[in-house]
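Student: Requesting a structural model of the entry that follows:
(2 chains)
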Amino acid sequence: MDRSERTGLGISIVAHAAVFAALTLSFLKPPPQEPPKAIPIEISLADKVGLESTAPVVSQEELAAKKSPVEAPVEPDSAPAPAPQPQPLPKPQPAPPKPAPQPQPQPKPAPPQPQPKPAEKPQPQKPSKPSPAAKPQPQKSSTAPAQSAATGNARRPVKPTGNLDGLDFGRSNNKTKSTATNNPASKASAEEVASFRGLIARQIQPCANRQVTPGPGAERIRILVRLNFNPDGSLAGNPDITGVQGNDAGNGRYVDRVKDLAVATFKGCTPIRGLPANLYAVPGGWKSLAFSYKLPG
Amino acid sequence: MPSVSTGAVLSPIHLFLEADIVVKLVMVGLLLASLWTWAIIFGFGLKVGGLRKEMQRFETEYREADDFDEFHRRAAGRDQPIARVFAAGVSEWRRSTAGKTIDREGTRERLATAMGATIATEIDRLSDRLNFLATVGSVAPFVGLFGTVWGIMRAFTGIAAAQSSSLAVVAPGIAEALFATAIGLFAAIPAVIAYNRYSHVVNRVEARLNRFADGFHATLSRRLEMEG
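Tutor: Residues are numbered from 1 along each chain as shown, chains lettered A, B, ... in the order given. Got it, this is the predicted structure:
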């Protein structure tokens, strides 16, 4: 082995090491984007027409009060012309008993008093409201047009105006005593069940795809899981494992591992977003759901 | 046989470590063969490159030299094939012309024989390593194939043991097995190319040495007629 051969051997070793390192590093890099894998999906054929009624239960609670309890005022179609009618004139009779306080303090000069009274009455009636004697009569006479409207039986045609008083503005903001915030359905229909189960399955799927098969045959194991949800879509407690299917002699040692994977999958991708709130606590709702878990592949 | 993500499975280290002992031996042997093949390729390339320049320079100096005796004093000690051929001719010439009577025909034959023998020796030495290239080029694919067959047999045994024919079970074993063939081809392809190339180079060097020997033989033969 002469000098040139030793040089060649050195170059050869270095070149082999370089090739080996390049292969190792390039293979350790993450492989290029894998083509999308066709994931088999389960199709559930739900009835469009439920065999059982799912209509909401009619609420027994009272409706809240209306926002605007006042009725629209009826507007007169002309100016209050009939006001100056001389109604007060023929009413002088009932007065005499009332003005008693005036004569009382006075001594008993009886004959002169009754005479001036009837003469005075017609004039001071309107301006002198405070006088206790005149009370019953002046009200009737002065507000004649309003009076007729208030009684209601003689309603006259009204011209449209811009007045919004009295329109129905909806229910008042004051809450009723009811604690219910939504209108629960009586029962989740098959279609709705399929819908929210699909929603949950879609949101769980990314976590399920991340799990790695622990060994050959483990993908035949099915774990039956019951999930209890909180109203906000998060899990209430750990998923309950209610059963195992598909384990045989070949994959029996993977059962515990797959159980752990199932629990991790469901815990990893909750809370679920977008579940229908009115289907939470009804029969067939998503408060408690059974799922079966299976490894991908 | 756990199935890991595909990225790590194809790494050469992983493939080697996962393989059976027989496949490992095959891989190591082929890797060493590849190392030695490339050592020969680089070494021979360097040697032949220097050789051509030396022959070019030696022939130029020989043509420019006035007297081969004087040139022999300068050049005979060089560690070069062409110098050794020249030295063999000169020493035979001196031995043949040392006596009182000179047998011209016999001297010519002996000169030709001596230089031809030296050329053959030099070519033998030069092409000593090339037979290894030829061996690797023809045998390495078969050795790799043997490793592959062995590895696939083992993979099938694994399938039978796991009672599952899913790709995740079969694939790693077959990948390991095929890696042996890959190394075999990796060693064999350069070896075959280099063997063909260097055989051609050796033939050309031999032809050139022969031409030089013929020329020198003609010179000595002319000198022989002038002598005695």
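
Student: okay, now the residue of the stretch 151-297 of chain A found nearest chain B: neighbour count?
Tutor: Of all residues in the stretch 151-297 of chain A, residue A:216 sits closest to chain B, at 4.3 Å by CB to the nearest CB. C-beta coordinates here come from the backbone N, C-alpha and C atoms, glycine included. For residue A:216, the neighbour count with other CB atoms under 10 Å in any protein chain shown is 22.

Student: Phi and psi next, for it.
Tutor: Backbone geometry at residue A:216, expressed as degrees, to the nearest 10, gives phi -60, psi 140.

Student: Regarding the residue lying closest to it once chain neighbours are set aside, what is its secondary structure?
Tutor: Spatially, and ignoring its direct neighbours in sequence, residue A:216 is nearest to residue B:164 (4.3 Å; CB to CB, 6 or more residues apart in numbering or on different chains). Following DSSP: H, G, I helix; E, B strand; the rest coil, we place residue B:164 in the coil state.

Student: same deal with residue B:66?
Tutor: The three-state label given to residue B:66 by three-state DSSP is coil.

Student: Under the pLDDT cut-off, which ranges of the stretch 51-200 of chain A? List them.
Tutor: For the stretch 51-200 of chain A, the stretches with pLDDT under 70 are A:51-52, A:57, A:59-185.

Student: now chain B
Tutor: B:1-10, B:228.

Student: re earlier: quick check: the residue nearest to residue A:216 touching residue A:250?
Tutor: Yes - at 6.8 Å, residue B:164 counts as touching residue A:250 under the criterion of CB atoms under 8 Å.

Student: Report pLDDT for residue A:218.
Tutor: On pLDDT, residue A:218 comes in at 82.

Student: since we're on it, how many residues are nearby?
Tutor: Look at residue A:218: counted by other CB under 10 Å, it has 23 neighbours.

Student: who's in contact with it?
Tutor: Residue A:218 sits next to A:251, A:254, A:257-258, A:295 when contact means CB atoms under 8 Å, 6 or more residues apart in numbering or on different chains.

Student: State the distance from residue A:293 to residue B:151.
Tutor: 36 Å (CB to CB, to the nearest Å).

Student: If you count surrounding residues, which of the two has more?
Tutor: Counted by other CB under 10 Å, residue A:293 and residue B:151 do not tie: residue B:151 has more neighbours, with 28 against 21.

Student: interface residues of chain A facing chain B?
Tutor: Within chain A, the residues that sit near chain B (CB under 8 Å from any CB of the partner chain) are A:2, A:4-9, A:11-13, A:15-16, A:20, A:23-24, A:27-31, A:212-217, A:250, A:297.

Student: Produce a ChimeraX select command limited to the buried residues of the residues you listed.
Tutor: Here is the ChimeraX command that selects the buried residues among the residues of chain A next to chain B (16 or more other CB atoms under 10 Å in any protein chain shown):
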select /A:4,5,7,8,9,11,12,16,27,213,214,215,216,217
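
Student: Quick check: helices, which of the residues of chain A next to chain B are part of them?
Tutor: Applying DSSP state H to the residues of chain A next to chain B, the entries found in helices are A:4-9, A:11-13, A:15-16, A:20, A:23-24, A:27-28.

Student: Tell me the one among those residues nearest to residue A:228.
Tutor: Checking those against residue A:228 by CB to CB gives residue A:28 as the nearest, at 43.2 Å.

Student: Spatially nearest residue to that closest one, not counting backbone neighbours?
Tutor: residue B:11 is the one closest to residue A:28 (CB to CB, 6+ apart), at 5.8 Å.

Student: Quick check: the gap between the residue nearest to residue B:179 when sequence neighbours are not counted and residue B:58.
Tutor: Spatial nearest neighbour of residue B:179, chain neighbours left out: residue B:15 (4.5 Å); criterion: CB to CB, 6+ apart. To residue B:58, residue B:15 is 51 Å away according to CB to CB.

Student: Work out for me the element residue A:243 sits within.
Tutor: Per DSSP states H and E, residue A:243 falls inside strand A:240-245.

Student: And for residue A:293?
Tutor: Element membership of residue A:293, judged by DSSP H and E, is strand A:288-294.

Student: Residues touching that strand, excluding its own?
Tutor: Residues outside strand A:288-294 that contact it (CB under 8 Å, 6+ apart): A:197, A:200-201, A:204, A:208, A:219, A:221-229, A:242, A:245, A:258, A:261-262, A:265-266.

Student: filter the residues you listed to the buried ones?
Tutor: Buried members of the contacts of strand A:288-294, counted by 16+ other CB under 10 Å: A:197, A:200, A:204, A:208, A:219, A:221-223, A:225, A:227, A:229, A:258, A:261-262, A:265-266.

Student: which of those residues lies closest to residue B:30?
Tutor: residue A:219 (37.0 Å).

Student: Could you find the closest non-adjacent residue to that closest one?
Tutor: Of all residues not flanking residue A:219 in the chain, residue A:295 sits nearest, at 4.3 Å (CB to CB, 6+ apart).

Student: go on, residue B:58?
Tutor: residue B:82 (4.9 Å).

Student: pretty sure the one you found is touching residue B:55, no?
Tutor: Yes - contact criterion CB under 8 Å: residue B:82 and residue B:55 qualify, at 5.0 Å.

Student: Give me the more crowded residue out of the two.
Tutor: Comparing residue B:82 with residue B:55 by other CB under 10 Å, the one with more neighbours is residue B:82, at 26 against 18.

Student: Pick out the most distant pair among the buried ones among the contacts of strand A:288-294.
Tutor: Top of the distance list for those (CB to CB): A:219 and A:229, 27.2 Å.
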